[in-house]
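Participant: no letters, just coordinates:
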């Protein structure tokens, strides 16, 4: 990106990504055995995972082979997503800042913590919703208004709170920087766009779970009441002249 190059124009270029001591793609500095194992296994699992996703997309749907590949894909997803989340937790929460003196990271550790937390919680609760709600298998179906339903609903609402925390952090730092002023501004803005899927997923999950939990008419009335209050607040803040003009 231009601003990153501009910032680095008067400095020496970062250490090559091919230099010994960093991961192949992200240039994370290698640390202890646990960290390094997570980093390399994430790459190893990701290759068949992405290949199988493409195969499933192109293959005939509903055949016995398609179903079996889907089961394999489910467990690969657990390794890829779960292992990736563990790696990011290990990286952002338990890394010694001194290891980044030679190999600076793209994201500050406080930012990584908030964003990784939002990514992880949203992914977990979305997976729970996929595998425990709206499925035909009665042995793992979480019935509406049951205990598991309530637990998943609480987890979704907690994940939404984590999403809000991440966006509060991002926006607080974004408004302090002039537009296009630095590589940091660009990364914050990019993560704002990418991370928008987290509240979208959690919000849709919460909508479905609350619709099942509450009587449908009561829930719709609650949504309309909230919309009305929001519209009234916006109209009030617009001022009388705006209201007269609009009428």
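Facilitator: Perfect, thanks for sending it. From a predicted model like this one, the values you see are computed outputs, not experimental measurements. Numbering: from 1, shown residues only.
Participant: in the chain, where's the longest helix?
Facilitator: Counting by DSSP state H, the longest helix found in the chain is helix 64-94.
Participant: so after that helix, what's the next helix or strand?
Facilitator: helix 109-132 (DSSP states H and E).
Participant: what's the average pLDDT for that following helix?
Facilitator: Helix 109-132 shows a mean pLDDT of 85.
Participant: buried ones in the helix or strand just after it?
Facilitator: Going down the chain from helix 109-132, the next helix or strand is helix 147-174, by DSSP H and E. Residues 149, 152-153, 155-156, 159-160, 162-163, 166-167, 169-170, 174 are the ones in helix 147-174 that count as buried (16 or more other CB atoms under 10 Å). The way it works is simple: take the backbone N, C-alpha and C, and place the C-beta from them, glycine included.
Participant: over to stretch 95-107?
Facilitator: In stretch 95-107, counting by 16+ other CB under 10 Å, buried: 95, 103, 105, 107.
Participant: and what of stretch 121-130?
Facilitator: Buried residues in stretch 121-130 (16+ other CB under 10 Å): 121, 122, 123, 125, 126, 128, 129.
Participant: can you list contacts of that stretch?
Facilitator: Stretch 121-130 has contacts (CB atoms under 8 Å, 6 or more residues apart in numbering) with 81, 85, 152, 155-156, 158-159, 162-163, 197-198, 201-202, 205, 208-209.
Participant: same check on stretch 83-98?
Facilitator: 28, 31, 34-35, 38-39, 41-42, 45, 109, 112-113, 116, 119-120, 123.
Participant: now the two most distant members of the residues you listed.
Facilitator: 45 and 109 (25.0 Å; CB to CB).
Participant: among the contacts of stretch 121-130, which pair sits farthest apart?
Facilitator: Counting by CB to CB, the most remote pair of these is 85 and 208, 23.7 Å apart.
Participant: the two - which one has more neighbours?
Facilitator: residue 85 (19 against 15; other CB atoms under 10 Å).
Participant: measure the more buried one to residue 189 for me?
Facilitator: Computed with CB to CB, to the nearest Å, the distance linking residue 85 and residue 189 is 24 Å.
Participant: shaky segments in the protein?
Facilitator: Scanning the chain for pLDDT under 70 picks out 1-20, 24-26, 134-142, 213-247.
Participant: how about the buried residues of stretch 95-107 in TSV, adding distance to residue 69?
Facilitator: Compiled in TSV, the buried residues of stretch 95-107 are given as follows (distance: CB to CB, whole Å):
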residue	distance to residue 69
95	37
103	38
105	36
107	35
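Participant: tell me what the strand or helix carrying residue 50 is packed against?
Facilitator: For residue 50, the element it lies in under DSSP H and E is helix 33-58. Helix 33-58 sits against helix 64-94, with contacts defined as 3 or more CB pairs under 8 Å, 6 or more residues apart in numbering; DSSP states H and E.
Participant: count of neighbours near residue 64?
Facilitator: Around residue 64 there are 7 residues (other CB under 10 Å).
Participant: what's the most distant pair in the buried residues of stretch 95-107?
Facilitator: 103 and 107 (13.1 Å).
Participant: mind listing what's buried along the helix or strand encompassing residue 187?
Facilitator: Using DSSP H and E, residue 187 maps to helix 183-194. Buried residues in helix 183-194, counting neighbours by 16+ other CB under 10 Å, are found at 183, 184, 185, 186, 187, 188, 191.
Participant: likewise stretch 47-62?
Facilitator: Those would be 49, 52, for stretch 47-62 by 16+ other CB under 10 Å.
Participant: thinking again about what came up before, quick check: angle from the helix holding residue 187 to helix 109-132?
Facilitator: 10 degrees (axes from the mean of the first three to the mean of the last three CA atoms, to 10 degrees).
Participant: next secondary structure after helix 183-194?
Facilitator: Defined by DSSP H and E, the subsequent element after helix 183-194 is helix 197-213.
Participant: other SSEs contacting that next one?
Facilitator: helix 109-132, helix 147-174.
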